[in-house]
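# Okay, sequence plus prediction incoming.
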Amino acid sequence: MIDLRPTFARTDNLIVAPGRLLADDGPQPGMAVLLQGGRFADIGTAAALRARHPDARVAELPDHLMMPGFIDTHTHLTQSLGKSLVFGEPSEIFRRIWVPLEGSLDEHMVYLSSKLAALECLRGGFTTAVDAGTRSAGHIGKLVEAARETGLRLVVAQICNDLGGAAVVPDRAAILRLAEAHLTAYQGDPLIHPSLAISIPEVASDAMLRDIAAMAAAAGATFQTHVNEHLVAVERSLVAHGRRPLEHLAHVGALGPQVLIAHSTLITPSEMNLLRDTGAAVAYNPVASVWKGNAVAPALQMQALGIRFGLGTDGTRADGFRLMDAAEAMQRTAYGLASGDSSCGGGWLWLDAATRMAAEASGLAAVTGRIAPGLAADFLLVDLDRPEFTPSHDLTWELVRYGNRDQIDAVFTNGRLRMVQGWPVDWDARALLAEIRGLAAPAIAKAPIQRIHATADSLFAGGLA
């Protein structure tokens, strides 16, 4: 296995000539890319690029696929310290576990949690993550610090709840000031993209929902919220408003092309029309549906209707390949088997939904998500000299069903090498893990978490195995 670090120590004026390049029309042989200034500067056949740029260095990688980095359209960086605490728990874990945990974290623990999550993202091939906002007390800068140190491209949300659901709930005027400051704080930042969020519609007044959605639209930023995820939340909205959560967002004027809805698993035909007609986007989180949800978002129907969506993890597991596999498998299980749909979107849909479509849903289509001239050089080098890809008859499908993060040899953002074979090249990840192992247990112990079930380890220890 070749060491890619010397080759990519400098990437300016570098032609990368992989065995296959994932272009808009699928994995192509014989293509190459010129990297310049952290961007894809030119794309063409390897011979054409050599002729156009005779002074450029050339990296020949015949056994690799060069592909856009995955984009996680919905995650929670400050939940990484409690990952498996939610396993086997009933729905609405945010009330009993996530809000208490995040609200109890001090600045340093927010930083450690965010850096651990960013490490996992990059290891799994995610060059971009869309964070739904931390519920900790004003420590959003620590998420940004962690992203910058690791090289993860981050859409980071300022939570704007005015009726609860966070460690601190300022008054209306303070929330609007914080939102405006957040939107302007990262102008021109190469990796950080601001967003606004309301955790769920019921933790904000109608005026706040409307104003924050409008403020995000005016700034060209995304407005994030969790909608129609759990039965109990749908029923609470019906009791309070006579409308389902997505219907209520439309009623108050808080839907539009700037909106990124997390989940939309419990969705009616008329609500799908609302998404289509307003241009709102959806984060389809298939692993979250398996682990903690009430239903599976009808992504294939959304695609047929022209509803924008991308794939998200919801902080479950950070492996872009397994996320694509789950996206296809859940559509097949929930809808395809009953209807006799043997392709369930085909491998190309899920590869696109994890990259280009995810960038578009996240408001980053002009920044990343494709290998195209002018876009940021956020990409992966995937080792094709593996049993899973031998023999190869349909690489697109093979990436969806056979791909795993251990096949990723290198991860780049803004043209800079960030990770080789699962480990960062310019900071000590194992020192981070050691620090977290020493501090996580006390941090969890002081959080007012309420679990319904005992851990599996404790049941084994009790002789119930």
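Done, it's in.
# burial of residue 165, as a residue count?
19 (other CB atoms under 10 Å). In this view, the C-beta of every residue, glycine as well, is placed from N, C-alpha and C.
# Quick check, it in contact with residue 199.
Yes: with contacts counted by CB atoms under 8 Å, residue 165 reaches residue 199, the gap being 4.6 Å.
# anything in contact with each of those two?
135, 159 (CB atoms under 8 Å, 6 or more residues apart in numbering).
# Skip the chain neighbours and tell me the closest residue to residue 259.
residue 280 (4.1 Å; CB to CB, 6 or more residues apart in numbering).
# what pLDDT does that neighbour get?
We note a pLDDT of 98 for residue 280 in this prediction.
# That one touches residue 254, doesn't it?
No: in this structure, residue 280 is not within contact of residue 254 by CB under 8 Å, at 9.4 Å.
# how about the residue nearest to residue 259, what does it touch?
So residue 280 contacts 255-257, 259-261, 274, 307-308 (CB under 8 Å, 6+ apart).
# so can I have TSV of these showing secondary structure?
As requested, the contacts of residue 280 are exported to TSV (DSSP: H, G, I helix; E, B strand; the rest coil):
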residue	secondary structure
255	coil
256	coil
257	coil
259	strand
260	strand
261	strand
274	helix
307	coil
308	strand
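# Looking at those residues, which two lie furthest apart in space?
Spatial extent of the contacts of residue 280 (CB to CB) is set by the pair 260 and 274 at 14.7 Å.
# if you count what's nearby, which of these two comes out ahead?
Neighbour tally, residue 260 and residue 274, criterion other CB under 10 Å: the higher count belongs to residue 260, 29 against 19.
# Pairing-wise in the sheet, spell out the partners of that one.
residue 224, residue 281 (DSSP bridges).
# One more: residue 411?
Here residue 411, judged by DSSP bridges, has bridge partners residue 380, residue 419.
# could you point out the longest strand in this protein?
When the chain is parsed with DSSP state E, its longest strand is strand 57-68.
# Listing partners with orientation, what would you give for that strand?
In the sheet, strand 57-68 lines up with strand 14-23 (parallel), strand 379-383 (antiparallel) (DSSP bridges).
# Going C-terminal from it, what's the next secondary structure element?
Downstream of strand 57-68, the next assigned helix or strand under DSSP states H and E is strand 70-75.
# how about that next one as PDB, C-alpha atoms only?
Extracted as PDB, the C-alpha positions of strand 70-75 are listed here (Å, rounded to 0.1, in the frame of the first residue of the first chain):
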ATOM      1  CA  PHE A  70     -19.700  12.600   1.400                       C
ATOM      2  CA  ILE A  71     -22.000  15.300   2.900                       C
ATOM      3  CA  ASP A  72     -23.900  14.600   6.100                       C
ATOM      4  CA  THR A  73     -27.000  16.700   5.800                       C
ATOM      5  CA  HIS A  74     -28.000  16.300   9.500                       C
ATOM      6  CA  THR A  75     -25.900  15.500  12.600                       C
END
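# what is the rounded mean pLDDT of the helix or strand following it?
Downstream of strand 70-75, the next assigned helix or strand under DSSP H and E is helix 93. For helix 93, mean pLDDT is 79.
# Centre of the chain to helix 93, how far?
Centre-to-centre, helix 93 and its host chain are 20 Å apart (CA atoms, centre = their mean, to the nearest Å).
# Can you give the contact residues for that helix?
Taking CB under 8 Å, 6+ apart as the rule, helix 93 contacts 86, 292.
# repeat that with 6 Å
residue 86 (CB atoms under 6 Å, 6 or more residues apart in numbering).
# Could you tell me how far the next helix or strand after that helix lies from the centre of the chain?
Next helix or strand after helix 93 toward the C-terminus (DSSP H and E): helix 99-104. In this view, helix 99-104 has its centroid 21 Å away from the chain centroid, taken as CA atoms, centre = their mean.
# cool, stretch 361-379 as well?
14 Å.
# Likewise for stretch 229-247?
For stretch 229-247, the distance to the chain centre is 26 Å (CA atoms, centre = their mean).
# gap between residue 432 and residue 91?
32 Å (CB to CB, to the nearest Å).
# What of residue 278?
27 Å.
# between those two, who's got more neighbours?
Using other CB under 10 Å as the criterion, residue 278 and residue 91 rank with residue 278 on top: 19 against 14.
# Leaving out sequence neighbours, find the closest residue to the more buried one.
Residue 278 sits nearest to residue 255 (CB to CB, 6+ apart), 4.1 Å away.
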